[in-house]
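I'd like to go over a predicted model; first the sequence, then the structure.
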Amino acid sequence: MSAGAKKRIMREYGECINDTPPGMKINFDEQNMTEWEILLDGPEQSVYSGGHFKLKISFPTEYPFKPPVVSFKTKIYHPNVSNDDKGSMCLGMLRPEEWKPPNKVVSVLRLVHSLLIEPNPDDAIEPSIANEFKENRKEFDKTAKDWVKRYAK
Amino acid sequence: MASPSPIPYDRRSSRASSTAGQPASDLLVVGGPPNSPSPLELFLRASNLPSSKTRISKIPPDLHMLEYVSSCDTNLICLICHSPFDKPVKLACDHYFCRDCLDHAFEVQPDGHKTCPTCRGRVDTDTGVLPVPKILEKMLDELVVKCPNTKSGCTWVDSRVNVNDHVMLYCEYTLVECPSHECRLPIFQKEFHKGCLHYTLSCEHCHTSLMKKDLEVGYITQRHQKTHCSNRFTACPHCDAEVLRLDLKVHVNDSCPKMVIPCPGTILGCHFTAERTEVIKHENACPMATMAPHFRDQQARIERNEARFEPLARKVGILEDGLSNITNMLYPANPNDSSFPVTNPLDPNHSDAFPPAPLIPTPDFRLPPASFPPVPPTNDQSQTPFNNPSQPPFDSQVHHLLTLHDSLRDEVSRIANALTDLEGRTNMMIINENQRVKDEMLHTNAAINSMRMQLHWLMSATLHQRTSNSTGTSTARAGGSTSSNSNGNGRAQGASGASTSLGARAEASGTLHAPMRRLSDSTRQDTKL
Ligand SMILES: [Zn+2]
Ligand SMILES: [Zn+2]
Ligand SMILES: [Zn+2]
Ligand SMILES: [Zn+2]
Ligand SMILES: [Zn+2]
Ligand SMILES: [Zn+2]
Ligand SMILES: [Zn+2]
């Protein structure tokens, strides 16, 4: 990773501290600044309220020309988060073909936050969960809340 | 031009001048600069000959890395590197980027299909990259920056447009290559004329080994003598005292009068905090401060005892473990006897190994039934109290076994005593019995003697009668002759024939009486002996 990219990540971290979406906390390690750990409280108005989620944002060597990789370390029942050990979230501006170098990490954090409040079933990574979200919202809410109790306390 | 220009390479003369002119003449040279180049270095020098002129070449500053004194307009910030533009260019879509940032962005895009990083509009790399307006460049040039060598000690602050010249020509803290061919380590530009400074020195005050170059300059914190040397005087940051750096910590902690410290009674709850002089005044009045040392003593004692308790508890655990093993070996028939708890004290899950006395009752260690014969109750008053069956259960098996052993030993010695006693009594009895038998035998002997005498008398009397009958003399004559022939004993014979034997016996006993009494007297004396 170039010195310029590192400088940019440092600057972005400075921006994020002042402008973090509500309920988020960034653990930044200067020795390993390409891996950020995010602690996120489930938004009040969502089914994930009361849960505490751990996320990881890793910056590729080509950053900012390639998008950062967002993954949930805490299991979450969500159409846009892969239901495996990676817990990856890949949609919108996080797609390599959609990513633009001027995009900022702050907007990535905002995207994550808004997706917890309102999942996007049309750009889902888990079609079955997306289907349930669209057709049996009650069942989806129940399972999501159940998973919060089980994994995100 | 104020900067010192590099002087021609001559190590010896430059060394001489540098040591003569420096103030730190109290430094001892330990290593000295390398004198003869190694074969490898000779090779390197030979291979680098054409480029030897560029040995002092400097790296131009990277504008992306600069530190800006004031925050600048967000419109002057490149969206890719997030720092003010460096050599900006404009795309046809009116988006601005640094030249380098745009090139990096194009690098990861497929050939012939370059797009604007912001709006993804197609970009023709030959004609679509345009120069920016002069006003923008002017604004960028006027941004105030710090010298990139600020951390090394440079204090230069000026417009960005001048930073390149400053770093490449004037900055004394720009790193250049050492003038020595053998060394090639980086050194500050202002040290360059002093020759190679990459050798080790020992500080005379504290004997720390240092690189000569670190003593010469370096940024302020590297200046050993001013900030690190422990044997140099330095001013206390709290009071005006001058102390050796070595003693500064002790001074601040123990004696500095201006140091703000809490009352020593803090551990007892005094909240007084002030400068040391004030605290000393307060101490005399504060009861908690006077109590504090005793309190601390007690605390230390408690801690010591607790520390001592720890290994003891472990030892007891190990012993108990060993004992239970032994017991299991001795009585394999009932190792699971519930009355005999076998605990593993090394097992952390088994907290019962050392139960806190008031919470859990002491485990009741009893031997398996019929393992030892019960200790018979004795009248011995010196018996140990452990033998008392009404005693509470023993607190450990070792104790129990030891007690048992003690009681058995007592028992054995008691039995031995009884045996000795018995033997003595038996001996005495035998002696007494013997004496009695002897006496009896003497009596019997005496009786036999008297009977023999009587018999003898009777016999002689009978013989006499017969003789006189056979001679045919008359009874009167016979009577007269008998009295004349017989001795004094025959005088009573004349009284009556029936009383003859009685009288004879009385006579016999009269004659035998004295010696018999004497005999019994002597036996009585024997018995007494
Ligand atoms: Zn840039
Ligand atoms: Zn554009
Ligand atoms: Zn400078
Ligand atoms: Zn050198
Ligand atoms: Zn020193
Ligand atoms: Zn002081
Ligand atoms: Zn006090």
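Sure thing, it's come through. Ligands and ions are numbered 1, 2, ... in the order given.

show me where the chain has its strands.
As the question left the chain open, I've gone with chain A. Along chain A, counting by DSSP state E, strands occupy A:24-27, A:35-41, A:52-58, A:69-72, A:88-89.

switch to chain B, that's the one I care about
B:28-29, B:88-91, B:96-98, B:129-131, B:144-146, B:157-159, B:175-177, B:186-188, B:200-202, B:209-211, B:233-235, B:242-244, B:260-262, B:273-275.

out of the ones you listed, nearest to chain A?
Closest of these to chain A is strand B:96-98, at 8.8 Å (criterion: CB to the nearest CB). (C-beta placed from N, C-alpha, C; glycine too.)

counting contacts, what elements does that closest one pack onto?
Applying 3 or more CB pairs under 8 Å, 6 or more residues apart in numbering or on different chains; DSSP states H and E, one finds that strand B:96-98 makes contact with strand B:88-91.

alpha carbons of the strand it packs on, in CSV - could you do that?
Provided in CSV are the C-alpha atoms of strand B:88-91 (Å, rounded to 0.1, in the frame of the first residue of the first chain):
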residue,chain,number,x,y,z
PRO,B,88,-3.7,19.3,-10.7
VAL,B,89,-5.3,18.6,-14.0
LYS,B,90,-8.8,19.1,-15.2
LEU,B,91,-11.0,16.6,-17.1
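
what does it contact?
B:78, B:96-99, B:102, B:116, B:121, B:123, B:128-132, B:136-137, B:140 (CB atoms under 8 Å, 6 or more residues apart in numbering or on different chains).

ok, and which of these reach ligand 2?
B:116, B:121 (CB under 5 Å from the ion).

what's the ChimeraX line that selects buried ones from the contacts of strand B:88-91?
Buried residues within those, by 16 or more other CB atoms under 10 Å in any protein chain shown, are selected in ChimeraX with:
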select /B:78,96,97,98,102,116,123,128,129,136,140
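
I'd like the mean pLDDT over stretch B:410-429, please.
Across stretch B:410-429, pLDDT averages out at 94.

got the buried residues for it?
B:410-411, B:414.

what does stretch A:131-148 give?
In stretch A:131-148, the ones that count as buried by 16+ other CB under 10 Å are A:132-133, A:140, A:144-145, A:147-148.

out of those, which are inside helices?
A:132-133, A:140, A:144-145, A:147-148 (DSSP state H).

where's the closest residue to residue B:286 other than its chain neighbours relative to residue B:288, distance?
Using CB to CB, 6 or more residues apart in numbering or on different chains and skipping the chain neighbours, the partner closest in space to residue B:286 is residue B:265 (5.2 Å). According to CB to CB, to the nearest Å, residue B:265 and residue B:288 sit 3 Å apart.

swap in residue B:162?
64 Å.

quick one: residues contacting the residue nearest in space to the middle of chain A.
For chain A, the residue sitting closest to the mean C-alpha position, by CA atoms, centre = their mean, is residue A:112 at 4.2 Å. By CB under 8 Å, 6+ apart, the residues touching residue A:112 are A:21, A:38, A:40, A:55, A:70, A:89.

what pLDDT does it get?
So residue A:112 comes in at 92 (pLDDT).

residue B:340 now?
48.

quick one: the helices in chain B, in order.
Using DSSP H, helices in chain B cover B:11-21, B:39-47, B:99-107, B:134-141, B:163-165, B:212-216, B:245-250, B:276-285, B:287-330, B:397-471, B:475-485, B:500-528.

for residue A:8, which of those helices is the nearest?
helix B:99-107 (9.7 Å; CB to CB).

who's in contact with the closest one?
Residues outside helix B:99-107 that contact it (CB under 8 Å, 6+ apart) are A:4, A:65, A:101, B:64, B:78, B:80-81, B:86-89, B:91, B:97, B:114, B:117, B:123, B:125, B:129.

near ligand 1, from the residues you listed?
B:78, B:80-81.

ok, residue 117 - how many residues close by?
As the question left the chain open, I've gone with chain A. 14 (other CB atoms under 10 Å in any protein chain shown).

wait, chain B was what I had in mind.
By the measure other CB under 10 Å, the count of residues near residue B:117 is 25.

please apply the same query to the one 5 residues further on.
Other residues within reach of residue B:122, judged by other CB under 10 Å, total 11.

so what sits opposite it in the bridge?
residue B:115 (DSSP bridges).

pLDDT below threshold where in the stretch 351-500 of chain B?
Along the stretch 351-500 of chain B, the parts satisfying pLDDT under 70 run over B:351-395, B:471-500.

repeat that for chain A.
Ranges of chain A meeting pLDDT under 70: none found.

residue A:148 is in contact with residue A:42, correct?
Yes - the criterion here is CB atoms under 8 Å, and residue A:42 meets it with residue A:148 at 6.5 Å.

show me the contacts for residue 145.
Looking at chain A here, since you left the chain open. Residue A:145 neighbours (CB under 8 Å, 6+ apart): residue A:47.

please go with chain B instead
Applying CB under 8 Å, 6+ apart, the residues contacting residue B:145 are B:66-69, B:157-160, B:163.

and residue 72, how many neighbours?
Let's take chain A. Count around residue A:72 with other CB under 10 Å applied: 23.

should've been chain B
The burial count for residue B:72: 18, using other CB under 10 Å.

ok, now residue B:463?
10.

over to residue B:79?
19.

surely it touches residue B:117?
Yes - contact criterion CB under 8 Å: residue B:79 and residue B:117 qualify, at 7.2 Å.

common neighbours of these two, please.
A:101-102, B:95, B:97.

domains in chain B, as residue ranges please.
Following automatic domain parsing, one finds the domains of chain B at B:73-142, B:232-261, B:310-419.

among those, which is nearest residue A:119?
Closest among these, using CB to CB: domain B:73-142, at 26.9 Å.

mean confidence score for the closest one?
The model assigns domain B:73-142 a mean pLDDT of 90.

gap between the two ends of it?
12 Å (CA to CA, to the nearest Å).

hang on, the earlier thing: farthest pair within the shared contacts of residue B:79 and residue B:117?
Once CB to CB is applied, the shared contacts of residue B:79 and residue B:117 give A:101 and B:95 as the farthest pair, at 10.9 Å.

what do those two both touch?
Contacts common to residue A:101 and residue B:95, judged by CB under 8 Å, 6+ apart, are B:79, B:117-118.

want to throw the residues you listed into TSV with distance to ligand 7?
Supplementary listing: those in TSV, determined by distance: CB to the ion, whole Å:
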residue	distance to ligand 7
B:79	62
B:117	67
B:118	67
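
keep only these that also lie close to ligand 5.
Restricting the shared contacts of residue A:101 and residue B:95 to those near ligand 5 - CB under 5 Å from the ion - leaves none.

which one among the residues you listed gets closest to residue B:398?
Nearest member of the shared contacts of residue A:101 and residue B:95 to residue B:398, counting by CB to CB, is residue B:79, at 81.0 Å.

kind regards, and thank you for your time.
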